[in-house]
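A.B. asks: Fold the following for me, if possible:
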Amino acid sequence: MSIKTMPQTIDQSKHFSIEMLKDEVQQLLEMGKVDCSQPIYVLCQFIPAREWVGVERELERHGFLLRDHIADLNPAQCWGDD
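C.D. replies: Numbers count the residues shown, from 1 in each chain. This next block holds a predicted model:
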């Protein structure tokens, strides 16, 4: 009989740094899956639910609100072509 490992807890889940989040947003923008004018909370569609709490914490830590626009995370890409 083998011993099964315990499921991951929130503390053990993948940590998203703000730079990782910005990179994810950039990729989603390039693929046309999100728009600069959408609120940040639409990103929850693309991030696994078990990791979303950590994403929210990281956003809050850097002063972002879920109602802020995606453009706030990546202003250079959103407004650079104006």
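A.B. asks: average model confidence for stretch 45-55?
C.D. replies: For stretch 45-55, mean pLDDT rounds to 92.
A.B. asks: May I have stretch 71-78 exported as CSV, CA atoms only?
C.D. replies: Output of stretch 71-78 as CSV, limited to C-alpha atoms (Å, rounded to 0.1, in the frame of the first residue of the first chain):
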residue,chain,number,x,y,z
ALA,A,71,-4.9,48.7,-19.1
ASP,A,72,-3.7,49.6,-15.6
LEU,A,73,-1.7,46.4,-15.5
ASN,A,74,-0.1,47.0,-18.9
PRO,A,75,-0.4,50.7,-19.9
ALA,A,76,2.4,50.6,-22.5
GLN,A,77,0.7,47.9,-24.6
CYS,A,78,-2.7,49.3,-24.3
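A.B. asks: Contacts for it, please.
C.D. replies: Here stretch 71-78 makes contact (C-beta atoms under 8 Å, 6 or more residues apart in numbering) with L21, K22, V25, Q26, L29, C36, S37, I40, F64, I70, W79. For glycine as for every other residue, the C-beta is placed from the backbone atoms N, C-alpha and C.
A.B. asks: Please list only the buried members of the residues you listed.
C.D. replies: Among the contacts of stretch 71-78, the ones that count as buried by 16 or more other C-beta atoms under 10 Å are L21, V25, L29, C36, I40, F64, I70.
A.B. asks: Farthest-apart pair in those, please.
C.D. replies: With C-beta to C-beta as the measure, no two of the buried ones among the contacts of stretch 71-78 lie farther apart than L29 and F64, at 16.0 Å.
A.B. asks: all helices for the chain, in order.
C.D. replies: Counting by DSSP state H, the segments of the chain that form helices are 18-31, 49-61, 75-79.
A.B. asks: Out of those helices, which gets the lowest mean score?
C.D. replies: Note on the helices of the chain: helix 75-79 shows the lowest mean pLDDT, a mean of 81.
A.B. asks: In it, which residues are buried?
C.D. replies: Q77, C78.
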